[in-house]
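**Student:** A predicted structure for the sequence below; I have some questions about it.
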Amino acid sequence: MRRSRSCRCSACTAVALPVTYLTVYLGTLDPARPAILQAGDYFYGIYLYSFPVQQLVAQLGPWIHHWAVNLLLSLPLIAVIAALLWHGIEQHVLKLRRHLPAVERALSTSVFARLSRFKAPVIGDRVA
């Protein structure tokens, strides 16, 4: 039976709890955004493309299967893709949000107008 490749050393166990605590603590803070992040909201693109890019990088060879190597190669690609997604698509689509209430009203009135003309067949004293 093959052994799992996961690390079971005491150093990893000793690091896990402080790293978890630090992550939760940093998540509760509201730090100032660095200048590069003030240009746009890249987090959705990072969320959307991180897994596919990591899998693509992992296909380059077995030497990339170590998480640190994969991270070092994937992270710049993910950042570039997320920035392109924000500046190329998301930013422009979000500007169209102000038109959404008018579109919703137009669609809802046309749908209700069509439904009001629809008559369900009556069977006995109940609608079928």
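**Tutor:** Structure received. Just so we're clear, the structure is a prediction, and the values are computed from it rather than from any experiment. Numbering: from 1, shown residues only.
**Student:** spatially central residue for the chain, please.
**Tutor:** Tyr47 (3.4 Å; Cα atoms, centre = their mean).
**Student:** where's that one relative to Leu100, distance?
**Tutor:** 23 Å (Cβ to Cβ, to the nearest Å). In this view, the C-beta of every residue, glycine as well, is placed from N, C-alpha and C.
**Student:** the strands in the protein, which residues?
**Tutor:** Assigned by DSSP state E, the chain shows strands spanning 122-123, 126-127.
**Student:** quick check: mean pLDDT of the last one?
**Tutor:** Here the mean pLDDT over strand 126-127 is 56, rounded to a whole number.
**Student:** over to stretch 102-121?
**Tutor:** Mean pLDDT, stretch 102-121: 69.
**Student:** and for stretch 24-32?
**Tutor:** Per-residue pLDDT values across stretch 24-32 average out to 86.
**Student:** can you tell me the distance between the two ends of it?
**Tutor:** Taking Cα to Cα, to the nearest Å as the measure, stretch 24-32 stretches 17 Å from start to finish.
**Student:** now do that stretch: distance to the chain's middle.
**Tutor:** Mean-position distance between stretch 24-32 and its chain equals 20 Å (Cα atoms, centre = their mean, to the nearest Å).
**Student:** ditto for stretch 18-35
**Tutor:** 19 Å.
**Student:** list the buried residues of that stretch.
**Tutor:** For stretch 18-35, a neighbour-count test (16 or more other Cβ atoms under 10 Å) marks nothing as buried.
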